[in-house]
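**Q** Here is my input, please return the structure:
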Amino acid sequence: MTTALPAPVQASLGLTLTNAERTEVKRLASELAESPHRLIDERGWIDTARRLSGRLPLRIREEVRDYRFDPGAGGLLILRNLPMDPAALPETPAVPESVERVPTVPAAVSTLISLCLGEVVAYQAEKSGALVQNVVPIPGREESQSNAGSTLLELHVENAFHPHRPDFVGLFCLRNDHTNTAGTLVSSIRQALTLLPEHIREVLESPRFVTQPPPSFRAGDAPQHAVLEGSRQDPNVRVDFHATSALDPGAAAALEALQAAFLDVAAMLILQPGELAFVDNRVAVHGRTSFRPRYDGRDRWLHRTFVHLDNRRTTGYRANSGFVLA
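**A** Purely as a prediction, here's the structure:
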């Protein structure tokens with residue numbers, strides 16, 4: 001990935017909650033966090049969250065519903081001024097595979113709004129199937145191309161190798177890095193497509209690529225696939241510039257052209273505490289700029305959720321109609 005980074009997204013973009021709306025979201029999140037179901041991954045807790053999500057302030061529900069229908073040119077939704085009290089946070093976790101199991105207000109906020117968009121899901125092979133996951137730097141994994149790293153994270157579709165990858169990825173900021181410079185990069189195929197010549201598009205539409213899963217998924221041989229799928233006028237994208245390989249020189253050239261186009265139209269979002277971003281994982285790739293963790297309990301900390309629009313399509317992959325894909 002190039003070192004030339006885009007300018008940060010304007011703070012005026014997205015929906016900024018009023019203080020009254022923020023108070024109402026906090027009330028609902030507190031009610032959910034204090035419900036009798038004491039684990040986030042319990043069906044009862046998620047069922048309660050789904051019901052309470054219907055009581056979120058009208059403007060949030062309208063904004064999320066519009067985004068669900070059409071994610072726009074950038075594939076990005078930003079909600080600002082959500083309830084977040086940095087002084088009340090514990091230290092940033094610094095252990096591998098960190099997740100949220102016991103309900104908290106921030107985890108409840110992430111879940112409530114994610115359930116306005118669709119159904120929250122997880123993958124058994126990834127962070128033990130937790131529905132709310134921590135994105136935090138881990139000592140010794142600085143160079144990792146994963147949520148545990150702090151080096152420049154390549155643009156990618158989340159779980160690009162998986163046949164049932166998330167439709168949306170939610171990222172809720174609890175803390176940014178010490179220098180407030182760590183940025184989430186987002187780039188949409190809807191914007192990049194106009195930069196691609198016809199012959200490059202034709203290659204990207206052909207099954208001349210493979211995407212390797214991480215070892216934890218034990219997925220066997222990676223199938224060949226196209227990078228651009230679906231409608232020719234408005235395609236979905238399936239690529240991870242760290243894990244996707246081309247099967248021939250022409251495909252390799254097309255992949256390089258696509259990466260350059262994505263970088264040309266990328267936006268950078270420097271999330272602040274209380275800001276929640278959703279990335280449409282069908283039309284947009286995302287990544288992260290590098291930053292320097294200090295491992296002092298105050299490092300960058302995001303909650304991550306995965307959302308599916310249609311749980312019916314994965315019934316055979318979820319035991320007992322639960323939320324975790326095997």
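**Q** all helices for the stretch 151-300 of the chain, in order.
**A** 189-192, 198-204, 249-265 (DSSP state H, counting those that start in this stretch).
**Q** Buried residues in the second one, which are they?
**A** The one in question is helix 198-204. Residues 200-201, 203-204 are the ones in helix 198-204 that count as buried (16 or more other CB atoms under 10 Å). All C-beta spots, glycine's among them, are computed from the backbone N, C-alpha and C.
**Q** What is it packed up against?
**A** Packing partners of helix 198-204 (3 or more CB pairs under 8 Å, 6 or more residues apart in numbering; DSSP states H and E): helix 249-265.
**Q** Single out the most deeply packed of the helices of the stretch 151-300 of the chain.
**A** helix 189-192 (a mean of 22; mean count of other CB atoms under 10 Å).
**Q** check contacts around residue 310.
**A** Shown in contact with residue 310 (CB atoms under 8 Å, 6 or more residues apart in numbering): residue 118.
**Q** now swap in residue 119 and tell me
**A** So residue 119 contacts 307-309, 311, 323 (CB under 8 Å, 6+ apart).
**Q** got the helices of the stretch 151-300 of the chain as TSV, with mean pLDDT columns?
**A** Formatted as TSV, those follow (pLDDT from 0 to 100):
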stretch	mean pLDDT
helix 189-192	98
helix 198-204	98
helix 249-265	97
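**Q** between those, which one is nearest to residue 183?
**A** When the helices of the stretch 151-300 of the chain are compared by CB to CB, helix 249-265 sits nearest residue 183, at 13.4 Å.
**Q** residues in contact with that closest one?
**A** Applying CB under 8 Å, 6+ apart, the contact partners of helix 249-265 are 1-2, 4, 155, 187-189, 191-193, 195-197, 200, 203-204, 206, 208-209, 227, 239, 241, 244, 246, 285.
**Q** now the strands for the stretch 51-200 of the chain?
**A** 76-80, 99-100, 119-123, 132-135, 153-156, 168-175, 184-188 (DSSP state E, counting those that start in this stretch).
**Q** Averaged pLDDT, whichever strand or helix holds residue 303. What do you get?
**A** Using DSSP states H and E, residue 303 maps to strand 301-308. Across strand 301-308, pLDDT averages out at 98.
**Q** Listing partners with orientation, what would you give for it?
**A** Paired strands of strand 301-308, with direction, are strand 119-123 (antiparallel), strand 132-135 (antiparallel), strand 168-175 (antiparallel) (DSSP bridges).
**Q** ok, back up a step: which among the strands of the stretch 51-200 of the chain is found nearest to residue 319?
**A** strand 119-123 (12.4 Å).
**Q** how much distance is there from that closest one to the middle of the chain?
**A** Here the centre of mass of C-alpha atoms in strand 119-123, compared against the chain's by CA atoms, centre = their mean, to the nearest Å, lies 12 Å away.
**Q** Output it as PDB - backbone C-alpha positions only.
**A** C-alpha atoms of strand 119-123 as PDB (Å, rounded to 0.1, in the frame of the first residue of the first chain):
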ATOM      1  CA  GLU A 119     -28.600  -9.600  12.300                       C
ATOM      2  CA  VAL A 120     -25.300  -9.700  14.300                       C
ATOM      3  CA  VAL A 121     -23.200 -12.800  13.500                       C
ATOM      4  CA  ALA A 122     -19.800 -14.200  14.200                       C
ATOM      5  CA  TYR A 123     -17.500 -17.100  13.100                       C
END
